[in-house]
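Undergrad: Just need the structure, nothing else, for what follows:
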Amino acid sequence: MDTSDDPVQVLPEVLETPTKNPKSPLCEPALTSSPRLISPRPSSSSAISQPYHPGPMLNPGQTFLFPQAVGGGTIPQFPPPSPTSPTGNGHHSPVTMETLGAQLNALTQYVMGLSAKVAENHKLYEENIRLKDIVIDLEMKLKDANDRVRSVDALRDAIMTQFTELNKTIASRSFMEGGTGESYGDYYGGDEDGVAMILPDTSQPSIDPDDPHPEPGTLNLQNREMTVIPDDVYRLNDPELLKSLGAEGDDMKWWETEPITKLYLCSNKISTITPAIGNLNSLTLLDLRDNCLESIPDEIGNLEMLVRLELSHNKLSTLPTTLTPTLQQLSLNDNVFVEYPTVLASLPGLQILDMRNNQLKEMGELPASIQSVALDGNKITGLILEGYQHLATVSANNNILTHLRVGNLPALKALSVCVNRLEFIEPLLNCPALSEVMVGKNFLTSLDFIAPCIPTITLLDCSDNKIMAIPDNIPTMVSLRRLDLTNNDLNALPPKLSLMDSLTSLCVEGNPLRTIRREIIAKGTAAIKDYLRLKLEPTEVEESGPTVPDIKPDEIMMKTKVLELDRNKEVNGDTWDQALVCGVVRLSMQYCSLTTVPDHVFNLRANLQELELGHNNLHVLPSEIGKMVKLRKLNLMNNNFKELPAEISSLTALEDLNLAHNKFDRIPDCILTLGGLCNLIISNNQIGKLEPDKMMNLRSLQCLDLENNNIGRLTPEISLLPSLRTLLVMGNTFKIPRADVLAKGSAEVLAWLKNKVPQ
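TA: Purely as a prediction, here's the structure:
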């Protein structure tokens, strides 16, 4: 039977040997390795009885070999072949070439789509891994940052705890002693402009409202929303009221009650105070801060024991015409004063005055006893402060000052006039104790005003001005620790700044400096000083101190830091080298028959704190002594001195000075500026007269030995030295006080002298 035209017989051959038609889907390279979808060709013996049928195919909708995780899907659904025509033989219709081509083409497209999805999923997988690494890195950084934050928080809490305790101690000391503390730094605060404040902060509650055991004689009614003071408060010293209260309970005995001494009415809404306030004449402290007061009754002047009066944060514009003369501390800040209250000048005991944040346009007379005054946040245009013997701190920031004159203030330690309109400041004359000067944010072009205070200044803030040059005398400020010249018009820095051993903070950012690079300035004070040291002239390099020799230090000297050379006539160079290497702090050269001070002594100035030169034949003390700024003790007894160099005034750390058994006919002026001097022994000399006005600068002096001199009159004013406890004056020519008074000791002598001071 001829079967050449049978399509069933021809089809397998066509599939096994596809035509070279380039348009046929069977010729695409993607199908060369694909599984065949048709059965093998049937044998010739069964070709007629078993017509060819397609091989087993995947069922429509069956999952393909690729898993769903990598983008697998379902194969395309193909319609089954139609049944044969009604020939009755039960066979399916033969598969045509077009049907197979369409099926293979669809399957090819499906496989290519799966491949694209696999590639895309692989990229997503790699991106996911990279993101996980980033997240892990960020988590580690976040953990490290959290650890640092916790450390900073712990440190901040510790500092705040210490600061709170310090404030409590300062506030307590300020009230009990009626003073302003030992140094201006004790009361550093700040306003919104970052300007330092001087007075102690009185904005905190004066008493703990939750204290179960308040101090006897104290009544705390703060923060009670009161608009008026209860009448019974005015009657707290009335015996009849106390009797009526005692009748209410068996435990209370009215005759054992104490008079009220401290009354706290702050943080209420009180608008008026009745004249009955004068009945509380036992009060020592009256706190009326943070209320709505517009006036104070004159009867407040009847509080004859009042020491501290707090009236800040009210609406006051005037004060009563009289106030109690016992008043020592008065707070009037944050009110509406336009004119300075003239009554303040008549308060003989007032020490602390706070008038910040009012509307004052000019300043009036201060009481002679004033120690601290704060005038920040007003509208004052001119300020003159002269002749106040006890004034220690002045703050007049945030005004509109155009004129400032400060002089003859022997106790002045701190002056702050930042944020004003000053173009010129008169020289600060006769301020021997001045240590901190703050004049930032003005229009100053020169620093000449500080020339008289060169030896004592430790802090100088001249930031945000128009200063064009640093004066030559600035490098001679042996006590200067911080110099702030930020944001000025400086073109250069003098190389001699590098010779200032005491200078630890130098701020010069924001200047058009041409001789020093910005990266050096950014590294800080040490880098700036190192750079400037390279610019020194050879003669200036010698002033910076000797070169420390490269030798092995002596073990004993290194441990004790002491060099004893008493009764040595000659000292070899190796000994001085060892002293320099070991950094000795104490040097003794007594009984050495010295006629001059060896130069090697001054080479030890970087560390030397005690110098003993007694029992020699010295006549002159070299001016180089002024460079030994760390000296605390200087012994020059039993020599032939008649005078001392002016450079002694630079020894601001000096505490003990022994000038006994010399030839002084008066106390040298250079000594009278040493505000830190505690003990002065100048016995067995030829002193004939005392000058108490000049001696008032010796505010730390505790012991003064003037025995065996030629003092003809012991002036009573010497007893006014604030720290003086021991006064030895036996063996002089004065007849008053009598010998029996002197024999009773220093306390009795000082008490006797104080009674003789003219009122």
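
Undergrad: and A345, what does it touch?
TA: Contact analysis of A345 by Cβ atoms under 8 Å, 6 or more residues apart in numbering lists G364, E365, L366, P367. The C-beta positions use only the backbone N, C-alpha and C, and glycine is treated the same way.

Undergrad: Can you list the low-confidence ranges for the stretch 351-500 of the chain?
TA: 452-454 (pLDDT under 70).

Undergrad: now the strands for the stretch 651-759 of the chain?
TA: Under the criterion DSSP state E, counting those that start in this stretch, strands of the stretch 651-759 of the chain are mapped to 656-658, 679-681, 703-705, 726-728.

Undergrad: so can I have a markdown table of the ones you listed showing mean neighbour count?
TA: As requested, the strands of the stretch 651-759 of the chain are exported to a markdown table (neighbours: other Cβ atoms under 10 Å):
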| stretch | mean neighbour count |
| --- | --- |
| strand 656-658 | 20 |
| strand 679-681 | 20 |
| strand 703-705 | 20 |
| strand 726-728 | 18 |
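
Undergrad: picking up where we left off before, which one of the contacts of A345 is nearest to R148?
TA: For those, the residue nearest R148 by Cβ to Cβ is L366; the value is 49.9 Å.

Undergrad: number of nearby residues for the closest one?
TA: Other residues near L366 come to 18 when the count uses other Cβ atoms under 10 Å.

Undergrad: May I ask which helix or strand encompasses R148?
TA: Using DSSP states H and E, R148 falls within helix 97-177.

Undergrad: ok, then the element right after that helix?
TA: Counting by DSSP H and E, the element after helix 97-177 in chain order, helix or strand, is strand 218-220.

Undergrad: Can you list the strands that that following strand pairs with?
TA: Applying DSSP bridges, strand 218-220 is found paired with strand 262-264 (parallel).

Undergrad: Let me see the contact set for the nearest residue to N617 once chain neighbours are set aside.
TA: Spatially, and ignoring its direct neighbours in sequence, N617 is nearest to T595 (5.1 Å; Cβ to Cβ, 6 or more residues apart in numbering). The neighbourhood of T595, defined by Cβ under 8 Å, 6+ apart, consists of N616, N617, L618, H619.

Undergrad: Next: I681.
TA: With contacts taken as Cβ under 8 Å, 6+ apart, I681 has the following neighbours: M637, L657, N658, L659, A660, C703, D705.

Undergrad: Turn these into CSV, columns for distance to N697.
TA: Compiled in CSV, those are given as follows (distance: Cβ to Cβ, whole Å):
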residue, distance to N697
M637, 23
L657, 14
N658, 20
L659, 17
A660, 22
C703, 16
D705, 18
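
Undergrad: List the buried residues of stretch 433-446.
TA: Residues of stretch 433-446 classed as buried: A433, L434, S435, E436, V437, M438, V439, G440, K441, N442, L444, S446 (neighbour count, 16 or more other Cβ atoms under 10 Å).

Undergrad: I should have written stretch 111-130 there, sorry.
TA: In stretch 111-130, the ones that count as buried by 16+ other Cβ under 10 Å are V111, L114.

Undergrad: Then stretch 472-492?
TA: Buried-residue list, stretch 472-492, by 16+ other Cβ under 10 Å: 474-485, 487-488, 490.

Undergrad: Just flag the most distant two among those residues.
TA: For the buried residues of stretch 472-492, the maximum inter-member distance is 26.6 Å, found between V478 and N487 (Cβ to Cβ).

Undergrad: Next, format the contacts of A345 as a markdown table and append secondary structure.
TA: Shown next, in a markdown table, are the contacts of A345 (DSSP: H, G, I helix; E, B strand; the rest coil):
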| residue | secondary structure |
| --- | --- |
| G364 | coil |
| E365 | coil |
| L366 | coil |
| P367 | coil |
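
Undergrad: pLDDT below threshold where in this protein?
TA: Applying pLDDT under 70 to the chain flags the ranges 1-95, 151, 153-154, 156-214, 239-257, 452-454, 538-548, 759.

Undergrad: Which stretches in it count as helices?
TA: Counting by DSSP state H, one finds helices in the chain at the ranges 7-16, 97-177, 231-234, 239-246, 518-522, 525-534, 538-543, 555-560, 573-582, 599-602, 692-695, 739-742, 746-755.

Undergrad: Tell me how many other residues crowd G712.
TA: Using other Cβ under 10 Å, G712 is surrounded by 12 other residues.

Undergrad: Roughly how far does it sit from P259?
TA: Summarising the geometry, the distance separating G712 from P259, computed by Cβ to Cβ, to the nearest Å, is 50 Å.

Undergrad: same deal with P275?
TA: Look at P275 and P259: by Cβ to Cβ, they are 19 Å apart.

Undergrad: ditto for R405
TA: Computed with Cβ to Cβ, the distance linking R405 and P259 is 46 Å.

Undergrad: Check G614 too.
TA: From G614 to P259 the distance is 58 Å (Cβ to Cβ).

Undergrad: Tell me which of those two has more neighbours.
TA: With other Cβ under 10 Å as the criterion, G614 and P259 differ in neighbour count, and G614 comes out ahead with 21 against 14.

Undergrad: Counting neighbours, what do you get for the nearest residue to the more buried one once chain neighbours are set aside?
TA: Computed as Cβ to Cβ, 6+ apart, the closest residue to G614 that is not its neighbour in sequence is M637, at 4.3 Å. As a burial measure, the neighbour count of M637 was computed by other Cβ under 10 Å and equals 21.

Undergrad: about what we covered before: got CSV for the contacts of T595, with distance to C582 and neighbour count too?
TA: As requested, the contacts of T595 are arranged in CSV below (distance: Cβ to Cβ, whole Å; neighbours: other Cβ atoms under 10 Å):
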residue, distance to C582, neighbour count
N616, 24, 20
N617, 29, 12
L618, 26, 18
H619, 31, 14
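
Undergrad: Out of the residues you listed, which comes closest to I648?
TA: L618 (14.1 Å).

Undergrad: Spit out the contact partners of the closest one.
TA: L594, T595, T596, V597, L636, N639, N640, F641.

Undergrad: Who are the contact partners of the spatially closest residue to N488 that is not a sequence neighbour?
TA: Taking Cβ to Cβ, 6+ apart as the measure, N488 lies nearest to I467, with 4.3 Å between them; neighbours along the chain are not counted. Residues in contact with I467, defined by Cβ under 8 Å, 6+ apart, are L444, T445, S446, L447, L485, N488, D489, L490.

Undergrad: Check G614 too.
TA: When the contact criterion is Cβ under 8 Å, 6+ apart, the partners of G614 are Q590, N635, L636, M637, N638, N639, N658.

Undergrad: 6 Å instead?
TA: Contact partners of G614, counting by Cβ atoms under 6 Å, 6 or more residues apart in numbering, are Q590, N635, M637, N638.

Undergrad: Filter these down to the buried ones and express that as a ChimeraX selection.
TA: Here is the ChimeraX selection string for the buried members of these, based on 16+ other Cβ under 10 Å:
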select :590,635,637,638
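
Undergrad: Going by distance to N697, which of the contacts of G614 wins?
TA: For the contacts of G614, the closest approach to N697 (Cβ to Cβ) belongs to N635, at 22.4 Å.

Undergrad: since we're on the closest residue to A527 other than its chain neighbours, how many residues are nearby?
TA: Once flanking residues are discounted, A527 sits nearest to I520: 5.4 Å by Cβ to Cβ, 6+ apart. Applying other Cβ under 10 Å, we find 14 other residues in the vicinity of I520.

Undergrad: how near is I520 to Q359?
TA: Note on I520: its distance to Q359, by Cβ to Cβ, is 47 Å.

Undergrad: swap in L618?
TA: 61 Å.

Undergrad: if we can go back for a sec, which of the contacts of L618 count as buried?
TA: Burial by neighbour count, judged by 16+ other Cβ under 10 Å, picks out L594, V597, L636, N639, F641 from the contacts of L618.

Undergrad: which of the residues you listed lies closest to N268?
TA: The shortest distance between N268 and any of the buried ones among the contacts of L618, using Cβ to Cβ, involves L636 and amounts to 62.7 Å.
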